[in-house]
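**Q** Fold the following.
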Amino acid sequence: MRKKDERIREIAEPFYYRLFLIPQAKMRQKECIQAIRKKGRSSLVFVVSSLPMWRSQTLYDLLSKDDRFDIHFALFPLPTFSPAQRSTAIQQLRSYFNKQKVPYLDLSGTDKPGHTLRKRLDPDILFYPQPYNRLFANDLDSFSFSDKLLCYIPYAMLTASEPWAYRNHLNNIAWRLFFQSESRKEEAARVLYSRGKNIRVVGDPVADLFSLPMHRDVWKPQEKKKKRVIWAPHFTLSDDFYLHRNAFSWLSDFMLDVAARYHEQIQFAFKPHPRLLSVLYDRPDWGKERADDYYARWAEGANTQLETGNYIDLFKGSDAMIHDSSSFSVEYHFTGKPVLFTATDLEPITRILNEFGQAAIRAHYPGKTTGDILSFLDNVVLGEQDPMAGQRQVFYHQYLLPPGGKSVAENIYQDLVTSIWG
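**A** Coordinates of the predicted model:
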């Protein structure tokens with residue numbers, strides 16, 4: 001009976017969106033724009049769930065110069081985070097926006113965040129950090145704000161063509177989806193009931209962040225100059241997971257040994273996926289005590305450090321990276337620096353990737369064994385022999401350069417202004 005109900009839903013859902021929800025959303029968007037024009041101003045709210053996901057600082061800087069926009073921030077860590085992760089996320093967000101001297105609305109302690117947001121800030125334009133259905137508390141989800149101009153800037157580079165990543169409520173009824181590339185727009189248009197008519201290609205906001213000077217050097221001071229290498233493992237520990245990432249399971253001890261072996265020449269930054277710690281807590285072969293001790297060893301080493309927050313300055317100050325992350329496989333190419341992808345078998349990983357994701361991986365050095373990692377450190381990092389530099393440059397110009405000769409923030413800003421005020 002359940003499978004039959006699911007089949008009926010699959011058949012009915014496209015018609016429900018195309019004949020009812022999407023036309024209704026367009027009508028409400030038109031009404032909202034008319035109301036903004038009548039006021040002459042708009043209340044624009046960014047919902048921010050974690051500091052690593054906050055990618056729109058340059059857009060805020062540009063919007064804040066236009067007095068037609070009243071910019072606000074609503075802080076709300078994702079309910080899918082563990083209690084410890086939620087606590088860490090809100091502390092990092094408060095610290096960041098306090099340093100920016102920007103006021104914010106903290107929704108982390110309220111049972112009805114959507115109600116509070118509507119009452120306190122009454123947004124006309126609402127930017128979400130992730131698009132997935134029912135990800136937030138029910139009254140903060142996109143279902144509850146369909147009368148507003150809903151916008152979404154992807155929180156990461158999507159390297160796999162998975163329908164579930166696109167076919168959700170927000171992507172279908174949003175006023176604007178600001179995507180990175182034409183290839184991603186075409187992918188989305190094939191599966192969205194909106195056929196992608198609400199998508200604008202602007203580039204990825206990370207491009208703007210990497211074009212700015214390094215804000216501060218986040219690397220731990222050393223007695224002498226050393227090469228700087230990031231290790232960024234994914235949170236999955238088994239090849240059975242559909243992403244086929246298991247590097248941490250065979251590199252956790254080895255990378256600590258490597259840091260000790262090269263302590264006179266290289267300093268290492270451990271940049272784990274935000275979910276890795278909670279995954280280790282839940283595993284019987286790890287547990288909280290062992291996981292906390294492992295993280296502490298990275299934090300306390302003379303030539304090692306633990307990085308769990310924003311990574312832009314970390315990337316800018318580095319010389320190379322070792323990782324198995326989907327988003328970092330693209331984002332580190334903004335630096336133009338050498339990078340190695342760890343996987344004992346790349347085939348099951350690249351098989352689920354789109355052409356964009358596969359091209360990003362091809363611009364990496366392969367790390368199938370511990371010997372590959374040592375060779376990368378000896379020859380590429382220390383020896384500065386980098387035969388793949390040209391391939392990385394080609395990838396950047398083909399996939400990452402923002403369109404129109406403008407910054408990503410400028411592309412988004414101009415679309416907002418033109419679409420609302422003409």
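**Q** Now do the strands in the protein.
**A** Here the chain has its strands, by DSSP state E, at 42-48, 69-75, 105-106, 125-128, 149-152, 176-179, 199-201, 227-232, 266-270, 304-306, 320-323, 339-342, 365-367.
**Q** Given the third one, what are its sheet partners and their directions?
**A** Put plainly, it is strand 105-106. Looking at strand 105-106 with DSSP bridges, its paired strands and their directions are strand 69-75 (parallel).
**Q** Can I get the strand it pairs with as CSV, trimmed to CA atoms?
**A** In CSV, the C-alpha atoms belonging to strand 69-75 read as follows (Å, rounded to 0.1, in the frame of the first residue of the first chain):
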residue,chain,number,x,y,z
PHE,A,69,17.7,47.3,1.0
ASP,A,70,17.4,46.8,4.7
ILE,A,71,19.7,43.9,5.4
HIS,A,72,19.2,41.5,8.3
PHE,A,73,20.7,38.2,9.5
ALA,A,74,18.8,35.4,11.2
LEU,A,75,21.0,32.9,13.0
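**Q** Can you tell me what sits against it?
**A** Judged by CB atoms under 8 Å, 6 or more residues apart in numbering, the contacts made with strand 69-75 from elsewhere in the structure are 41-49, 60, 63-64, 90, 93-94, 97, 102-108, 113, 117, 121, 123, 416. From N, CA and C alone the C-beta is placed, and that goes for glycine too.
**Q** closest one to L353 among the strands of the chain?
**A** When those are compared for distance to L353 using CB to CB, the nearest one is strand 339-342, at 11.6 Å.
**Q** Which strands and helices lie in contact with that closest one?
**A** In this structure, strand 339-342 makes packing contacts with strand 320-323, strand 365-367, helix 370-375, judged by 3 or more CB pairs under 8 Å, 6 or more residues apart in numbering; DSSP states H and E.
**Q** ok, and what's touching the shortest one?
**A** So the one you mean is strand 365-367. Outside of strand 365-367, the residues within contact range by CB under 8 Å, 6+ apart are 322, 338-343, 346, 372-373, 376, 380, 388.
**Q** Out of those, who's the most crowded?
**A** T342 (30 neighbours; other CB atoms under 10 Å).
**Q** If I look at that residue, what pLDDT would I see?
**A** With respect to pLDDT, T342 scores 97.
**Q** Quick one: residues contacting it.
**A** T342 makes contact with 233, 247, 251, 322-324, 367, 373 under the criterion CB under 8 Å, 6+ apart.
**Q** about what we covered before: most packed of the helices and strands packed on strand 339-342?
**A** Mean neighbour count, computed with mean count of other CB atoms under 10 Å, is highest for strand 320-323 among the helices and strands packed on strand 339-342, reaching a mean of 25.
**Q** want to throw the helices and strands packed on strand 339-342 into a markdown table with mean pLDDT and distance to E162?
**A** As requested, the helices and strands packed on strand 339-342 are exported to a markdown table (pLDDT from 0 to 100; distance: least, CB to CB, whole Å):
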| stretch | mean pLDDT | distance to E162 |
| --- | --- | --- |
| strand 320-323 | 98 | 21 |
| strand 365-367 | 97 | 24 |
| helix 370-375 | 98 | 29 |
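**Q** could I get the ones you listed as JSON lines with distance to P154?
**A** As requested, these are arranged in JSON lines below (distance: least, CB to CB, whole Å):
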{"stretch": "strand 320-323", "distance to P154": "19"}
{"stretch": "strand 365-367", "distance to P154": "27"}
{"stretch": "helix 370-375", "distance to P154": "30"}
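**Q** Looking at these, which is nearest to L170?
**A** When these are ranked by proximity to L170 (CB to CB), strand 320-323 comes first, at 28.7 Å.
**Q** And the closest one, what does it pack against?
**A** With contacts defined as 3+ CB pairs under 8 Å, 6+ apart, strand 320-323 has these neighbours: strand 227-232, strand 339-342.
**Q** who touches the longest one?
**A** Identification of contacts with strand 227-232 by CB under 8 Å, 6+ apart yields 219, 251, 255, 265-273, 307, 314-315, 317-325, 328, 377, 381-382.
**Q** can you give me the helices for the stretch 301-422 of the chain?
**A** Taking DSSP state H, counting those that start in this stretch to define them, one finds helices in the stretch 301-422 of the chain at 312-316, 328-331, 347-351, 355-362, 370-375, 389-395, 408-421.
**Q** Put together JSON lines for those, with distance to D292 on each row.
**A** JSON lines is the format used below for the helices of the stretch 301-422 of the chain (distance: least, CB to CB, whole Å):
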{"stretch": "helix 312-316", "distance to D292": "22"}
{"stretch": "helix 328-331", "distance to D292": "24"}
{"stretch": "helix 347-351", "distance to D292": "30"}
{"stretch": "helix 355-362", "distance to D292": "32"}
{"stretch": "helix 370-375", "distance to D292": "25"}
{"stretch": "helix 389-395", "distance to D292": "36"}
{"stretch": "helix 408-421", "distance to D292": "38"}
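**Q** just the ones you listed: most buried one?
**A** The densest packing among the helices of the stretch 301-422 of the chain, expressed as mean neighbour count by mean count of other CB under 10 Å, is seen in helix 328-331 with a mean of 24.
**Q** tell me what that one is packed against?
**A** By 3+ CB pairs under 8 Å, 6+ apart, helix 328-331 packs against helix 355-362.
**Q** Please work out the average pLDDT along the helix it packs on.
**A** Helix 355-362 shows a mean pLDDT of 92.
**Q** got it, and stretch 291-298?
**A** In this model, stretch 291-298 has a mean pLDDT of 98.
**Q** try stretch 41-56
**A** Averaging pLDDT along stretch 41-56 gives 93.
**Q** where does it sit relative to the chain's centre, distance-wise?
**A** Relative to the chain's own centre, stretch 41-56 is displaced by 13 Å; criterion: CA atoms, centre = their mean, to the nearest Å.
**Q** Before I go, just wanted to say thanks for your time.
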